[in-house]
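**Q** give me coordinates for this.
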Amino acid sequence: MFKKFLTAALTVGLLVTNFSATEAKEVDNEKKVPVKVVQTAGRDNLGEFAPDFAHYNDDILFGEVWSRNDVLSMHDRSLITVAALMGAGVLDSSFKHHLEFAKKNGVTKAEMVEVITQLGFYTGWPKAWAAFRMAKEVYAE
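**A** Numbering: from 1, shown residues only. Predicted coordinates:
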């Protein structure tokens, strides 16, 4: 059930790309301080209809989990999220948004190609084809 909730939260929460964060900052010789991720898509899209879901999306998933970028970098979180969405077959606008966010977080075209190729063997070749269609658009520039 939590897996379905998380997948739904990612899908709905990322319909709008009003997502801001930067990488954790290093201070005092390699100690990292987390940088808060701010997300308002939940409230913007579902705030009146499903206020609790909007809260979980904006404040918990993004405001807390994604904000632990002092432990796991935004780059790595992006790779993990792309892998999870592809594995679950969530290859819609939220997947494309996460590809864009991954690029913004420093995931290179070569890294993304390698990840999608690797995942193709584990999640299914058709999913890799679908993912590559979107990745090709995102990394075209």
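**Q** pLDDT weak spots in this protein?
**A** Filtered on pLDDT under 70, the chain yields the residue ranges 1-30.
**Q** now stretch 36-49, how far from the centre of its chain.
**A** Between the centre of stretch 36-49 and the centre of its chain there are 15 Å (Cα atoms, centre = their mean, to the nearest Å).
**Q** quick one: buried residues of it?
**A** For stretch 36-49, the neighbour count (16 or more other Cβ atoms under 10 Å) marks Val37, Gln39, Thr40, Ala41, Gly42, Arg43, Asn45, Leu46 as buried. Heads up, the C-betas are built off the backbone N, CA and C, glycines and all.
**Q** tabulate those in a markdown table, adding columns for distance to Ala130.
**A** Putting the buried residues of stretch 36-49 into a markdown table (distance: Cβ to Cβ, whole Å) gives the following:
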| residue | distance to Ala130 |
| --- | --- |
| Val37 | 27 |
| Gln39 | 25 |
| Thr40 | 28 |
| Ala41 | 23 |
| Gly42 | 26 |
| Arg43 | 30 |
| Asn45 | 24 |
| Leu46 | 26 |
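**Q** in strands, which of those residues fall?
**A** Members of the buried residues of stretch 36-49 lying in strands (criterion: DSSP state E): Gln39.
**Q** wait, which of the buried residues of stretch 36-49 is closest to Ala102?
**A** Val37 (14.2 Å; Cβ to Cβ).
**Q** for the helix or strand containing Phe101, list every residue counted as buried.
**A** Phe101 is located in helix 93-104, with elements delineated by DSSP states H and E. Going by neighbour count (16+ other Cβ under 10 Å), the buried part of helix 93-104 is Ser94, Phe95, Lys96, His97, His98, Leu99, Glu100, Phe101, Ala102, Lys103, Lys104.
**Q** where's it relative to the chain centroid, distance-wise?
**A** Using Cα atoms, centre = their mean, the offset of helix 93-104 from its chain centre is 6 Å.
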